[in-house]
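**Student:** Take this sequence and fold it.
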Amino acid sequence: MSSHTIVPGRISISIPHWQVLPLLLPCLRSIRKNTSGKDVEVIVIDNGSKDESLDYLRSLEWIRLIERPEEGLFNFPDNVWTSHDIALKEATGEFLVTMHTDLFVKRGDWLDEYLKAMAGNPRLGGVGTWKLELKNPVYEFQKRVFHVIRSNIKYALGLRKKRYEWKQGHYPKDFCAMYRRQILLDEGLTFRSIEGKKGFYDQSGGYSISAQLWDKGYPTRVIPVRTMIPRIVHLGHGTAAVSPEKAHRRNQHKLETRRDTLFDEPWVQELQSNVALDR
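**Tutor:** Have a look, this model is predicted:
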């Protein structure tokens, strides 16, 4: 098939990866266990892993592995966004799902709400969730204020032609989001920063692709957090909890505690030990 083939109903899942085998095992096995009955292709883009995780990926016949040996931690997180761009072109599905390795699937209906939303609106460009936690009013206010300040500075400096409205809760976070692939291809959209800048002006992580969709007249939708919490679990910043190279200076202990708590849950332990899911 050509790189732009669209198979109706097929779901292509894009997962960037770099040396996080403790997350990779339960992540992939949870997908394998909970996608029965759906036409799914899993595309893992490895960004220069040099450890046993790459050998594990090469052993899996049920995934499509794309290796980028020239990449590495030095190019993180940019290589996450470019990984999704590669998957967008290499996939064959009607829908593209972006995922992180710290996202674990709990139930077989984890994508049903996304698919129902897509079926209800052929112009819907993307659907997903915000963060898998109940809203904190103080946190939401702080994020809103920061966004407005950043937007005004960029506008004043001539780095942005117009201001985007604050859309917390209105754009899918890329740790688990679904996009209508044909729209992204036809419009030439990218998961990278909309202005190609790093650091303070970085607008990736789901915001960039959503902003581009809005500019082209395509809406996005967010499924309520309460609906998704029973279906998927996101260990936010999970790579820092298992990779010394990505340690989170301020929240490392908190992340490791959350990791240990999650890994102690019986359903995660079953995923870690069930090698049959690799076949």
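**Student:** Quick check: next helix or strand after the lowest-mean-pLDDT helix or strand in the chain?
**Tutor:** None of the helices or strands of the chain scores lower by mean pLDDT, DSSP states H and E than helix 137-156, at a mean of 62. For helix 137-156, the following helix or strand on the C-terminal side (DSSP states H and E) is strand 176-180.
**Student:** so where do the helices sit in the chain?
**Tutor:** Applying DSSP state H to the chain gives helices spanning 21-33, 52-59, 78-90, 112-120, 137-156, 181-187, 207-215, 225-228, 238-242, 252-263, 266-273.
**Student:** Please name every helix or strand in contact with the first one.
**Tutor:** It refers to helix 21-33. strand 7-17, strand 40-46, helix 52-59, strand 103-105, helix 238-242, helix 266-273 (3 or more Cβ pairs under 8 Å, 6 or more residues apart in numbering; DSSP states H and E). Yep, even glycine has a C-beta here, placed from its N, CA and C like the rest.
**Student:** what about this structure, any weak spots by pLDDT?
**Tutor:** Scanning the chain for pLDDT under 70 picks out 1-3, 133-148, 150-152, 154-155, 159-169, 194-204, 249.
**Student:** Specify the residue positioned farthest from the middle of it.
**Tutor:** Ala156 (31.5 Å; Cα atoms, centre = their mean).
**Student:** could the helices and strands packed on helix 21-33 be laid out in TSV, adding mean neighbour count and distance to Leu132?
**Tutor:** Listed next are the helices and strands packed on helix 21-33 as TSV, based on neighbours: other Cβ atoms under 10 Å; distance: least, Cβ to Cβ, whole Å:
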stretch	mean neighbour count	distance to Leu132
strand 7-17	21	17
strand 40-46	22	21
helix 52-59	15	24
strand 103-105	24	9
helix 238-242	23	12
helix 266-273	14	15
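**Student:** Between those, which one is closest to Arg226.
**Tutor:** Arg226 sits nearest to strand 103-105 of all the helices and strands packed on helix 21-33, at 17.4 Å, using Cβ to Cβ.
**Student:** what residues does stretch 255-267 touch?
**Tutor:** Residues outside stretch 255-267 that contact it (Cβ atoms under 8 Å, 6 or more residues apart in numbering): 22, 104, 106, 233, 235, 237-238, 240-242, 248, 268-269, 272.
**Student:** just these now: which is nearest Val222?
**Tutor:** The closest of the contacts of stretch 255-267, once distances to Val222 are taken by Cβ to Cβ, is Val233, at 17.8 Å.
**Student:** ok, the closest residue in space to Arg29 that isn't next to it in sequence - how many residues close by?
**Tutor:** Excluding its sequence neighbours, the residue lying closest to Arg29 (Cβ to Cβ, 6 or more residues apart in numbering) is Leu277, at 4.0 Å. The local packing of Leu277 (other Cβ atoms under 10 Å) involves 18 other residues.
**Student:** So Leu277 is in contact with Arg32, correct?
**Tutor:** Yes - between Leu277 and Arg32 there is a contact under Cβ atoms under 8 Å: 4.5 Å.
**Student:** Can I get stretch 59-76 in CSV, CA atoms only?
**Tutor:** Output of stretch 59-76 as CSV, limited to C-alpha atoms (Å, rounded to 0.1, in the frame of the first residue of the first chain):
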residue,chain,number,x,y,z
SER,A,59,10.5,-9.3,18.2
LEU,A,60,6.9,-8.2,17.9
GLU,A,61,5.3,-9.3,14.6
TRP,A,62,2.0,-7.6,15.3
ILE,A,63,3.4,-4.0,15.2
ARG,A,64,4.9,-1.9,12.5
LEU,A,65,8.3,-0.7,13.8
ILE,A,66,10.0,2.4,12.3
GLU,A,67,13.5,2.9,13.5
ARG,A,68,15.2,6.2,13.6
PRO,A,69,18.7,5.4,14.9
GLU,A,70,19.9,9.0,14.3
GLU,A,71,17.6,10.2,17.0
GLY,A,72,18.0,10.2,20.7
LEU,A,73,17.3,12.0,24.0
PHE,A,74,19.2,15.1,22.7
ASN,A,75,16.2,15.8,20.3
PHE,A,76,13.4,15.2,22.8
